[in-house]
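J.: sequence unknown, structure follows:
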């Protein structure tokens, strides 16, 4: 096709026969929608094996395609998977440069010249919010310099930048692009750099550039090689702990991270991120998991979802992870997968983290937030007690601790509470009142419509347990009362009137206690006779 002036297209757009300037009915339909201002056409593809694509072939007048792309008011996303050489390619690029509506640009399968043309054209799109460059582009160093120039200009205040699977980036390309990131740091919310052959040097350069990315919420670095990147991971951890930021999600799957690397990373990642993906880092052992566990146990831990699939956990790993869960109040989902290396010993340790039945206080200090530890359809491998605790945490978090206490301790030992004296009695009564809903709670097993009771205890039986506990508490008070009486008498030594008043008060207190015991005994007999 020959080059035409813009005025030519403007003068003939309304009357041009679209079938005569396209190679297929689908191509003609796309041009018609663009020309007619069809608001339903907000996205289409140029090339590529996708539906709703403009497949370029002999007979397509690409000057018209470029013109209509530039004129459209509704086209927001363009997926560019093919760009021909010569005038046809320049016509499409010219249309993109004139667009006032394009906000999302996807680029794949371009050669270096086509990539360079597009980068220069995007410099006119101040409204562009998302740029995705996938890995089938044959782009050399000069192409990445053009991308750097685009980003440095600050014309496009991108919210999302995706550079995924680009073999030619590596550490050298990352050093180039890091300078460009500074131009969009204030607007960028998501940065995707998966599978770009980035190592320690490239990661260190990236962290320096991230100092300006104060709005970044999601950072994807999976499928790079950080096996020898302890220094870079340490820099990343420092950035996470010290820089002003909004980062919530960090993805580091299959990065060959070692125990040393995880040690360098753990504190910063756990204390800043809500979602942390470390799955398929097969070099991590129980030693590395112990570093992670220590960070999780910290009061400053913010992680809610932790991905560890593909890591050989084993019993040792389960034990150290269980230690980190005790007292943790943020983690709700811990995604593992069954590698057949976890035996009963690992599950026992994990169960104790969710409900340490050795004492009431130990149960209270157990983990009551995590409700998912599996990903996929392997839930049947989870022991029944752990499955129950997880369901309690997930479906009834406000009652989880009380339910676990009532399930594990049918008879509550009140002796450790005697040192609080009678002032504890109202608190104990209130605790049972707030635990009463546990008798009516239901949990639902996956795949079943009907639920089952958490506690197989009737309301009357629960009331009997409460009264028995109060009875034992009051019955255990005489020695405490006598100790206190002796102390007061010593304090009032030499004042006979004061001693008489003390005697009278404690006589009344003992009588009141005896009446309470009689009432409780009668109520317990009544309930047990039902």
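T.: That came in fine, so what should we check first? Note that this is a predicted model, so its numbers are computed, not measured.

J.: which parts of the stretch 201-350 of the chain are strands?
T.: 218-220, 249-251, 275-277, 305-307, 333-336 (DSSP state E, counting those that start in this stretch).

J.: can you list those strands in TSV and add mean pLDDT and mean neighbour count?
T.: Just so you know, the C-beta spots here come from the backbone N, C-alpha and C atoms, and that holds for glycine as well. Conversion of those to TSV gives the following (pLDDT from 0 to 100; neighbours: other CB atoms under 10 Å):
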stretch	mean pLDDT	mean neighbour count
strand 218-220	98	21
strand 249-251	98	21
strand 275-277	98	21
strand 305-307	98	21
strand 333-336	94	20
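
J.: need those in CSV with distance to residue 455, can you?
T.: Below are those laid out as CSV (distance: least, CB to CB, whole Å):
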stretch, distance to residue 455
strand 218-220, 42
strand 249-251, 38
strand 275-277, 34
strand 305-307, 30
strand 333-336, 26
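
J.: and the ones you listed: which comes nearest residue 396?
T.: With respect to residue 396, and counting by CB to CB, the nearest of the strands of the stretch 201-350 of the chain is strand 333-336 at 17.1 Å.

J.: now find how far off-centre that closest one is within its chain.
T.: 11 Å (CA atoms, centre = their mean, to the nearest Å).

J.: and if you look at stretch 357-367?
T.: The answer for stretch 357-367 is 27 Å, by CA atoms, centre = their mean.

J.: what do you get for stretch 331-342?
T.: The answer for stretch 331-342 is 16 Å, by CA atoms, centre = their mean.

J.: ends of that stretch, how far apart?
T.: 21 Å (CA to CA, to the nearest Å).

J.: which residues touch that stretch?
T.: By CB atoms under 8 Å, 6 or more residues apart in numbering, the surrounding residues in contact with stretch 331-342 are 279, 296, 301, 303-310, 312-315, 318, 321, 325, 367, 369-376, 378, 381, 394.

J.: sec struct for the closest residue to residue 100 other than its chain neighbours, please.
T.: Residue nearest to residue 100 in three dimensions, not counting chain neighbours: residue 127, with 6.9 Å by CB to CB, 6 or more residues apart in numbering. Three-state assignment for residue 127 (DSSP: H, G, I helix; E, B strand; the rest coil): coil.

J.: residues near residue 127, how many?
T.: Residue 127: 14 surrounding residues under other CB atoms under 10 Å.

J.: need the contact list for it.
T.: So residue 127 contacts 100-103 (CB under 8 Å, 6+ apart).

J.: would you turn those into JSON lines with pLDDT?
T.: What follows is these, written out as JSON lines (pLDDT from 0 to 100):
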{"residue": "100", "pLDDT": "96"}
{"residue": "101", "pLDDT": "97"}
{"residue": "102", "pLDDT": "97"}
{"residue": "103", "pLDDT": "97"}
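
J.: mind checking which of the contacts of stretch 331-342 are buried?
T.: Using 16 or more other CB atoms under 10 Å as the burial test, the contacts of stretch 331-342 include 279, 296, 301, 303-310, 313-315, 318, 321, 325, 367, 369-375, 394 as buried.

J.: state the helix or strand in which residue 373 lies.
T.: Per DSSP states H and E, residue 373 falls inside strand 372-374.

J.: strand partners of that strand, parallel vs antiparallel please.
T.: strand 333-336 (parallel) (DSSP bridges).

J.: picking up where we left off before, closest one to residue 190 among the strands of the stretch 201-350 of the chain?
T.: Judging the strands of the stretch 201-350 of the chain by CB to CB, what sits closest to residue 190 is strand 218-220, at 4.3 Å.
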